[in-house]
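[1] Quick one, fold the following:
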Amino acid sequence: MKNLAATLLLSLLGIAPALAQGDFPNKVIQLVVGFAAGGSTDVVTRVLAAEVKRITGWEIIVLNKPGASGVLGAVYVVSAPPDGYTLGLATSNSFTTAPFFQDVPADLIERTAALAATGRVTNALVVKGDSPYKNLNEMIEFARRNPGQISIAIAGAGTNSSLVVQLLAQDAKVNFTMVPFTGEALSANALMGGHVTAAALSTPVWGKYVEAKTMRVLSSMYGERYELAPDAQTLMEQGYPYSAAFTYVLFAPKGLPPALAKRITDAFTEAARSPGYLDMANKTAIDMKKLPAGDAVQRFLVEEYARTGAMVEKLGIKKK
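    Numbering: from 1, shown residues only. Reported below is the predicted structural model:
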């Protein structure tokens, strides 16, 4: 009777008996990714899941819920019971940028328990290797003399990098022609084909081209210069106080019991530091330095949302 009473009490408190007995997990964990299979976020998620399984023995399946820049997957996760069996890996943009351009629940971040940051992808403004522009200032000066003749490829309107390019144009008092594509691969192809003057691309995309000297970095769109392009100044160094990057965030529904949240966080953090994961990160130019940890991950989402809101307000953009 005592055991039955304890079980009923735990159920009333919303704590699964399995958790109280410390036998989590006793079934398969879903790790949801809000992007299609084969994409960069999907690859990161699957490597991370494999490393967690190797380290802990936990059974994890990766479930793709693509749509709305990762928002559909995020909503699926935060709508699940906070029992640790439904987790998500998303880009921070799904929480901090998409809400300003898409129909996103207003309380999405509030319903989210951000557990760990597992890497950061940064961006740069690049041109072809044989471009006449050796630095950002040269391209801006040409744009001032020739309004509308500088075209810049972006991987979708309403992305963080597109906001930064628009703010750059606004502050520099130039008129860039923005050319949105449905992905970075198409943006890179347009640049290499000579269809646009420049492109805003993430490091995993432009890195191989810069190494081959078929692209040149005009400016880092992040707070630091790149080892592959040490002479290319950051936007901030040139007086433009903006950066374009996104962080991979492991998250769960709000209400996850603290002890369980710590156990999951510790497992995934260890996996993100494993040789297998770090090798993948190195090959795909994912930055693993200075990532937020602990409670700072949730604060990061809130602060990044506010920064994005300030950019959107400055540009006067209205949600359609």
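
[2] Can you find the helix or strand in this protein with the smallest mean pLDDT?
    helix 17-20 (a mean of 42; mean pLDDT, DSSP states H and E).

[3] Give the next helix or strand downstream of that helix.
    strand 29-33 (DSSP states H and E).

[4] where do the strands sit along this structure?
    Under the criterion DSSP state E, the chain carries strands at the ranges 29-33, 60-64, 86-91, 112-128, 151-154, 177-180, 198-202, 215-220, 245-253.

[5] Residue 239: which of the ones you listed is closest?
    Across these, residue 239 has its closest neighbour in strand 215-220 (11.4 Å, Cβ to Cβ). The C-beta positions use only the backbone N, C-alpha and C, and glycine is treated the same way.

[6] for the closest one, packing partners?
    strand 112-128, helix 136-145, helix 203-211 (3 or more Cβ pairs under 8 Å, 6 or more residues apart in numbering; DSSP states H and E).

[7] Which among the strands of the chain is found nearest to residue 233?
    It's strand 215-220; of the strands of the chain, that one is closest to residue 233 (Cβ to Cβ) at 6.0 Å.

[8] So which residues make contact with the closest one?
    Residues from elsewhere that reach strand 215-220 (Cβ atoms under 8 Å, 6 or more residues apart in numbering): 122, 124-129, 131, 133-136, 139, 191-192, 198, 206, 209-210, 226, 228-229, 232-235, 238.

[9] Emit the PyMOL select command for whichever of those are buried.
    Buried residues within those, by 16 or more other Cβ atoms under 10 Å, are selected in PyMOL with:
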select buried, resi 122+124+125+126+127+128+131+133+135+136+139+191+198+206+209+210+226+228+229+232+233+234+235+238
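
[10] Now do the contacts for residue 115.
    87, 249, 250, 251, 252, 261, 264, 265, 268, 297.

[11] Mind doing that once more with 6 Å?
    250, 251, 265 (Cβ atoms under 6 Å, 6 or more residues apart in numbering).

[12] can you check residue 34 too?
    With Cβ under 6 Å, 6+ apart, residue 34 has these contacts: 65, 70, 72, 73, 74, 90.

[13] Could you list the buried residues of whichever helix in the chain runs longest?
    The longest helix of the chain (DSSP state H) is helix 295-315. By 16+ other Cβ under 10 Å, the buried positions in helix 295-315 come out as 297, 298, 300, 301, 304, 305, 307, 308, 311, 312.

[14] cool, stretch 97-107 as well?
    Those would be 97, 98, 99, 100, 101, 102, 104, for stretch 97-107 by 16+ other Cβ under 10 Å.

[15] Generate CSV for those, with pLDDT and distance to residue 110 as supplementary columns.
    As requested, these are exported to CSV (pLDDT from 0 to 100; distance: Cβ to Cβ, whole Å):
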residue, pLDDT, distance to residue 110
97, 93, 17
98, 90, 15
99, 91, 12
100, 91, 16
101, 89, 19
102, 86, 17
104, 89, 12
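
[16] returning to that earlier point: tell me the average confidence for the longest helix of the chain?
    When pLDDT is averaged over helix 295-315, the result is 95.

[17] Do you know the pLDDT at the nearest residue to residue 94 once chain neighbours are set aside?
    What sits nearest to residue 94 in space, not counting adjacent residues and going by Cβ to Cβ, 6 or more residues apart in numbering, is residue 70, at 3.4 Å. What the model reports for residue 70 is a pLDDT of 90.
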